[in-house]
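Novice: below is the structure, and that's it, no one-letter string:
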Ligand SMILES: Cc1ncc(C[n+]2csc(CCOP(=O)(O)OP(=O)(O)O)c2C)c(N)n1
Ligand SMILES: [Mg+2]
């Protein structure tokens, strides 16, 4: 049943019909009609952020923790350009977003009008798709299509740019369910012959490993459940990327920890030495592979991914299966069970023996102190003390992010929100805002660095306005620690601009935002302070003053292979000799 | 199939896989909507792929379909990547690597301006006849030839015209289609 309404009303109506709870946005001239339509209803709740980048990350946090599409609404020109970082972040991490941008009226497009920018031009390469809506007749279809494109197949951000005259125009609107898209039909089910082949390869393997990623999380909780089933039925070890943490429970004995540049010694060595790699929803990113020509040289590789372009992009695989993780895993579980396949038990036992040897190195170990808070210790205590709670973790970017990934154990998917592909400092706080809205009763903690947190600190004001009790746990080392670590590796320890002078007093800053501030520098008081944070019913900024010199290990230096990790044990108290670890070629890499 | 060069080194591998660079013609059927060409071109520039030639025109008015023919070069792995990346773009209906089908026909149209007197003029006319190039404009001191054919044929003709008095060339780029009764 079609109804008549304005373009602005269609926007709000479509959001309601899509089941959107929250729109993260910021008003401006080119979206005023939409804001007026928002004013007249209470189906969709608008969350006023303090910067459009914050809107995008908040929408990402909401999406990643809820499995739904995140929505943001920004004005033309600066509103749109401010959102670009968040859109790119969502593109890199395959997060479903719909971003509605206002645009100058159609007759002014191309005239360098006030607050005009070529939004579709600028966002073409950082969105999955984008639209400039020139006619009111197209608006209802495009709005619903945007949700379909954002969430179908490999998810990603979609921009809908709506000129102001189209917002004012009126036309017919009807709910559009079950979109039959002209061209976009991602393949969900994997080719059965190939799945069968994969199962045979699994049964024949002597040193197998599962290498999983964010695709399992994106595929939904069912994919995680099926992954657990397959991994347990096979008895194979499993590791995952930063993006995939939580799909497999960290407490399980088959779990090897995260792999990659700051992954565990056992995960990386197992990847290097395996004879069969089963990659599920990961993309062989350079942070994972290290030196490509030395990457897992003796293994056969199976790659399951919904995006055909991910297969054979960086690493040539022996068997590619295009399909949605949950669909393919379901077939794999069934075929593994009904074919009464069994892994080679003797070989597997030997393989686990080798893995246990690597495990014994305890590569995430660190030398604790009773005088100064070690950042790893702080994360470990945070994990231990929040165990009984319903916890969601976001992070900023840097050493603290890697320590969080190493020392916080995730048992379930959708609990861990971090900027993986783009590595966006300033992600964690707005993401936490989005997560807290999706899970109002849960404990949402942003594990932060003192440099990153300042990049979107203004979102504390958003948290205050909506009474969101987000907890910001800053591992304050006064350095851009990750930059400092690389300066030690590559540039003779010349700390060019990586020390932050004149940091704000975070406790006072918390108070200025109506939040509670806590500072702790004494390891003996740390537990009490963390409990105080947990028990505080409102937002908290926890300024945890940690060892300024600590580096993040283990580490695969750039240009090196998985079996060439630098370990924390090498470090004596004077600091590890990092300078010559990376060769000339490696220095070119990021 | 063409030059045997080595692929540009990927920064993450020290000894890159040595496979040869090939020239491929891709036929891409797209929705004729604003920005679709920019998407395709942006994909190539953004990911560092080569475009040797690109042609685009609407081919079905009712269905609003355009065909983009792209001649690109790269290792077989890169060509496969390009195809998958193109398929990822939302308004794309089909991508076909015509070079892999073997049975594809490629044509290009060129207009070639040549200046010359006396001997040279006669020579140009003789060569044009041998290549079946048409004269589409003439003055006492110049010709414009129109030539249709495979790109190599046009290259050959142009290099023959150079010593005679080549002024300028305008080429359409390659249009291609597969033989037989099946569409792409
Ligand atoms: C927006 C942005 N700018 C710059 C960088 C480069 N960068 C990566 S980590 C880092 C330092 C982060 O410092 P901090 O937040 O204090 O975290 P730490 O490493 O000290 O834990 C920088 C500058 C980035 N990732 N993102
Ligand atoms: Mg820091």
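Specialist: Everything's here; your move. Because the structure is a prediction, the values reported are computed rather than measured. Ligands and ions are numbered 1, 2, ... in the order given.
Novice: okay, now the unreliable bits of the chain?
Specialist: If you meant another chain, say so; for now it's chain A. Where chain A drops to pLDDT under 70, the residues are A:569-579.
Novice: try again with chain B
Specialist: For chain B, the ranges with pLDDT under 70 are B:1-18, B:102.
Novice: residue ranges for the strands of it, please.
Specialist: B:22-31, B:53-60, B:65-74, B:92-97, B:104-115, B:134-139, B:142-149, B:166-171, B:175-178 (DSSP state E).
Novice: could you say which one of those strands comes nearest to ligand 1?
Specialist: strand B:65-74 (30.8 Å; CB to the nearest ligand atom). For every residue, glycine as well, the C-beta is placed using N, CA and C.
Novice: so how far is the closest one off the chain centroid?
Specialist: Relative to its chain's centre, strand B:65-74 lies at 8 Å (CA atoms, centre = their mean, to the nearest Å).
Novice: so what touches it?
Specialist: Contact with strand B:65-74 is made by B:2, B:7, B:21-32, B:36-37, B:40, B:44, B:49-59, B:79, B:82, B:93, B:151, B:173-176, as judged by CB atoms under 8 Å, 6 or more residues apart in numbering or on different chains.
Novice: same check, this time on stretch A:456-469
Specialist: A:47-51, A:53-54, A:57-58, A:426-427, A:429-430, A:432-433, A:436-437, A:444, A:470, A:472, A:509-510, A:513-515, A:536-541.
Novice: which of these come close to ligand 1?
Specialist: The subset of the contacts of stretch A:456-469 within reach of ligand 1, counting by CB under 6 Å from any ligand atom, is empty.
Novice: name the residues of stretch A:561-568 that are buried.
Specialist: Across stretch A:561-568, burial judged by 16 or more other CB atoms under 10 Å in any protein chain shown covers A:561, A:562, A:563, A:565, A:566, A:568.
Novice: what is the burial count for the closest residue in space to the fifth one that isn't next to it in sequence?
Specialist: This means residue A:566. Excluding the flanking residues, the one nearest residue A:566 by CB to CB, 6 or more residues apart in numbering or on different chains is residue A:555, at 5.1 Å. Residues lying near residue A:555 (other CB atoms under 10 Å in any protein chain shown) number 22.
Novice: burial of the closest residue to residue B:117 other than its chain neighbours, as a residue count?
Specialist: Once flanking residues are discounted, residue B:117 sits nearest to residue B:141: 6.0 Å by CB to CB, 6+ apart. Using other CB under 10 Å, residue B:141 has 12 other residues around it.
Novice: next up, the contacts around residue B:141.
Specialist: B:115, B:116, B:117.
Novice: just the buried ones from those residues?
Specialist: Applying 16+ other CB under 10 Å to the contacts of residue B:141 flags B:115, B:116 as buried.
Novice: let me know the closest of the contacts of residue B:141 to ligand 2.
Specialist: residue B:115 (69.3 Å; CB to the ion).
Novice: what bridges to the closest one?
Specialist: The partner list for residue B:115 in beta bridges (DSSP bridges) reads residue B:142.
Novice: which non-adjacent residue is nearest whichever residue of the stretch 151-300 of chain A sits closest to ligand 1?
Specialist: Nearest to ligand 1, among the residues of the stretch 151-300 of chain A, is residue A:262, at 11.5 Å (CB to the nearest ligand atom). Take residue A:262 and drop its neighbours on the chain: the residue closest to it by CB to CB, 6+ apart is residue A:402, 4.3 Å away.
Novice: secondary structure class of the one you found, three-state.
Specialist: helix (DSSP: H, G, I helix; E, B strand; the rest coil).
Novice: ok, now which ones touch it?
Specialist: Going by CB under 8 Å, 6+ apart, the list of residues near residue A:402 reads A:262, A:482, A:552.
Novice: state the distance from it to residue A:61.
Specialist: 20 Å (CB to CB, to the nearest Å).
Novice: which elements pack onto the helix or strand containing residue A:327?
Specialist: Residue A:327 is located in helix A:325-338, with elements delineated by DSSP states H and E. Here helix A:325-338 touches helix A:192-204, helix A:214-218, helix A:221-234, strand A:276-280, strand A:300-305, going by 3 or more CB pairs under 8 Å, 6 or more residues apart in numbering or on different chains; DSSP states H and E.
Novice: compare these and give me the one nearest chain B.
Specialist: The stretch from the helices and strands packed on helix A:325-338 with the least distance to chain B (CB to the nearest CB) is strand A:300-305; that distance is 10.7 Å.
Novice: from the stretch 301-450 of chain A, which residue is nearest to ligand 2?
Specialist: Closest point on the stretch 301-450 of chain A to ligand 2, by CB to the ion, is residue A:449, at 3.8 Å.
Novice: burial of that residue, as a residue count?
Specialist: 29.
Novice: quick revisit: in helices, which of the contacts of residue A:402 fall?
Specialist: residue A:482 (DSSP state H).
Novice: among the contacts of residue A:402, name the buried ones.
Specialist: Counted by 16+ other CB under 10 Å, the contacts of residue A:402 give A:262, A:482, A:552 as buried.
Novice: okay, residue A:549 and residue A:488: tell me how far apart.
Specialist: Distance from residue A:549 to residue A:488, by CB to CB: 10 Å.
Novice: now do the end-to-end distance for stretch A:92-106.
Specialist: 31 Å (CA to CA, to the nearest Å).
Novice: any chance of the contacts of residue B:141 in TSV, plus distance to residue A:13?
Specialist: Listed next are the contacts of residue B:141 as TSV, based on distance: CB to CB, whole Å:
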residue	distance to residue A:13
B:115	66
B:116	70
B:117	74
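Novice: out of the contacts of residue B:141, who's nearest chain A?
Specialist: residue B:115 (40.4 Å).
Novice: so that closest one sits against residue B:142, correct?
Specialist: Yes: in terms of CB atoms under 8 Å, residue B:115 counts as a neighbour of residue B:142; the distance is 4.7 Å.
Novice: overlap in contacts of these two?
Specialist: With CB under 8 Å, 6+ apart, residue B:115 and residue B:142 have common neighbours residue B:167.
Novice: contact residues of chain B facing ligand 1?
Specialist: Counting by CB under 6 Å from any ligand atom, no residue of chain B is near ligand 1.
Novice: okay, domains of chain B per the record?
Specialist: Domain assignment for chain B, taken from automatic domain parsing, gives B:18-100, B:104-177.
Novice: how long is the shortest one end to end?
Specialist: Between the start and the finish of domain B:104-177 there is a gap of 6 Å, counting by CA to CA.
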